[in-house]
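Trainee: sequence-free structure coming up:
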């Protein structure tokens, strides 16, 4: 017996056999030959008995028996005569040591199988087709021929058993997680089965696995609604559609939606109804039965659906038929008309303005559901109405002055309609009057920033000076009624008419600056215009009135004290006697002097007045009209005139 490593080369020496001739004294040659066994793999030197390999040796080949080759070797004696001598045969066993030259192999390159949905854990898949042989083999010896089996890409839904094999194994793929095998979720599952040697080299082979999930009738029909509720008129006609019942089924084919049949309808009035078993459409039957809402307002029935063409799983759903009342009543307002008041600039009414109408049709139906809208009378969109509650509100604040209508009374006369939701809809109208109350929100306004006027100082009391005029944009009285008064600056010299705004000189007042302390030629009057608002609502505006007082020549010149002048009668002509001094309080006055002879007189020594007819004394003295100097103009005679008073 000889042991050799697998796959050794051709002409590799295996072993040497030797035969000994038992005859004594006769030494014949011995020839060796292989007379049995795989001669195509092994040869022998006929002279030396050396056995050698003739080809590559594979331990796993069909010629081997568990890795061993058995050779029959014959030794034959060669006689000298050339004939054949005696022979003897022996058996030689050549054991081939294993080399890991095989990889695990599946009997099929790929596998196709099926499994029923909801299959329990450890249920094996069924391989489809005769060529699907669930076997794997590796003819290496020992560890080299030991392999493990596992799955990849199955998402842990399956497992393979056994998990390990030696040389060959028939495997089975079975369910590991039954909750994941659901036809409605996954119809085809693809993954890989792997056979991998446990040796260090670890050769492996893969085969694809396709598993089809077979549908089972495990889902009952499911209605699209938890319950069906319809409303129909109580006078529905025969053949009219009442409801459309619809169900589907997650299963496939006749197990699923395709096989659903609507098999029954049950309830007190079921005999009066017709259910289409294919479409689920429920219609009114042609019977003597008639709905009567006043008797029964709602009917309750059950509809049944089954899959597998009406023979499989079943499910039921509730159908509620509500009867609709006929719309034959108009909404009626609780009042013949409505009115309310609202302040200008107010976002709400003084009291809430709510119109209300009721409908005698059945409560809870569209026939008795009332809605509201403003039909006309609000062309500017100043109001809105809640369509459900009927409450009317201003759509923002209102400006009394911008609204049309009489200055004292502004009113909206709107028409509000109440209508029901029946078909056809019925309605009623009511008048709603809204009165807008003016608010004192505009102060008086003067057309100018200030007034200016000039008057002479001798203007008598009671004389009108200037009229101020303010306007108030408020739209009603007394808010737009204005009164005037002088707040400051009059100094008792001026008064104002509170209604007209006319400013006049006060009675008895004197504007002469020389008579005022201090001297005043300019007055600034602060005039206030007040509207008719009450209390804190009163609004005012102020304006300045500038009054300039101009000088007038209305004052007499005044002489300074004049002393008597004594002269000798022999004084020369042209001699200076006295210089008169005078003043005038008028502004920028220019004085001139003259002698008023009508008021002058001359007297003699007896004190008697001398008439001009007796003696013309007017030429005795001269007066300079500019500087007031008096000089002698003629010779004086005391006997004629003793005293002269000019």
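Mentor: Here it is on my side, so go on. Since the model is a prediction, treat every value here as computed from it, not as a measurement. Numbering: from 1, shown residues only.
Trainee: which residues touch the helix or strand harbouring residue 150?
Mentor: Assigned by DSSP states H and E, residue 150 falls within strand 146-152. Strand 146-152 is contacted by residues 104, 136, 138, 158-160, 162-166, 169, 171, 173, 191-199, 204, 206, 209 when judged by C-beta atoms under 8 Å, 6 or more residues apart in numbering. No exception for glycine: its C-beta is placed from N, CA and C like everyone else's.
Trainee: In PyMOL, how would I pick out whichever of those residues are buried, leaving the exposed ones unselected?
Mentor: Those of those that count as buried under 16 or more other C-beta atoms under 10 Å are selected in PyMOL with:
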select buried, resi 104+136+138+158+159+160+165+169+171+173+191+193+194+195+196+197+199+209
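Trainee: So which of the contacts of strand 146-152 belong to helices?
Mentor: Judged by DSSP state H, helices contain none of the contacts of strand 146-152.
Trainee: Okay, and which of the contacts of strand 146-152 map to strands?
Mentor: Of these, the ones assigned to strands by DSSP state E are 136, 158-160, 164-166, 169, 173, 191-197, 204, 206, 209.
Trainee: what bits of the stretch 501-646 of the chain have low per-residue confidence?
Mentor: 586 (pLDDT under 70).
Trainee: Please enumerate the strands of it.
Mentor: 502-505, 522-530, 540-550, 558-559, 576-579, 582-583, 601-603, 609-610, 621-623, 629-632, 643-645 (DSSP state E, counting those that start in this stretch).
Trainee: Can I get those in JSON lines including mean neighbour count and distance to residue 71?
Mentor: Output for the strands of the stretch 501-646 of the chain, formatted as JSON lines (neighbours: other C-beta atoms under 10 Å; distance: least, C-beta to C-beta, whole Å):
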{"stretch": "strand 502-505", "mean neighbour count": "19", "distance to residue 71": "157"}
{"stretch": "strand 522-530", "mean neighbour count": "18", "distance to residue 71": "146"}
{"stretch": "strand 540-550", "mean neighbour count": "17", "distance to residue 71": "141"}
{"stretch": "strand 558-559", "mean neighbour count": "11", "distance to residue 71": "182"}
{"stretch": "strand 576-579", "mean neighbour count": "12", "distance to residue 71": "189"}
{"stretch": "strand 582-583", "mean neighbour count": "12", "distance to residue 71": "179"}
{"stretch": "strand 601-603", "mean neighbour count": "17", "distance to residue 71": "204"}
{"stretch": "strand 609-610", "mean neighbour count": "14", "distance to residue 71": "209"}
{"stretch": "strand 621-623", "mean neighbour count": "17", "distance to residue 71": "193"}
{"stretch": "strand 629-632", "mean neighbour count": "16", "distance to residue 71": "191"}
{"stretch": "strand 643-645", "mean neighbour count": "13", "distance to residue 71": "201"}
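Trainee: Point out the one among those that comes closest to residue 430.
Mentor: strand 522-530 (43.3 Å; C-beta to C-beta).
Trainee: From the structure, what's the count of residues near the residue lying closest to residue 246 once chain neighbours are set aside?
Mentor: Distances taken as C-beta to C-beta, 6 or more residues apart in numbering place residue 224 nearest to residue 246, at 4.8 Å, with adjacent residues excluded. Using other C-beta atoms under 10 Å, residue 224 has 12 other residues around it.
Trainee: For residue 224, list the residues it contacts.
Mentor: Here residue 224 is in contact with 246, 247, 248 (C-beta under 8 Å, 6+ apart).
Trainee: distance of the second one from residue 594?
Mentor: Distance from residue 247 to residue 594, counting by C-beta to C-beta, to the nearest Å: 138 Å.
Trainee: More neighbours: the two, which one.
Mentor: Between residue 247 and residue 594, counted using other C-beta under 10 Å, residue 247 has the larger neighbour count: 21 against 7.
Trainee: Could I get the contacting residues of that one?
Mentor: Residue 247 neighbours (C-beta under 8 Å, 6+ apart): 221, 222, 223, 224, 257, 260, 262, 280, 305, 315, 317.
Trainee: Please name the bridge partners of it.
Mentor: In this entry, residue 247 is beta-bridged to residue 223, by DSSP bridges.
Trainee: So for it, what pLDDT did the model give?
Mentor: Residue 247 is assigned a pLDDT of 91 by the prediction.
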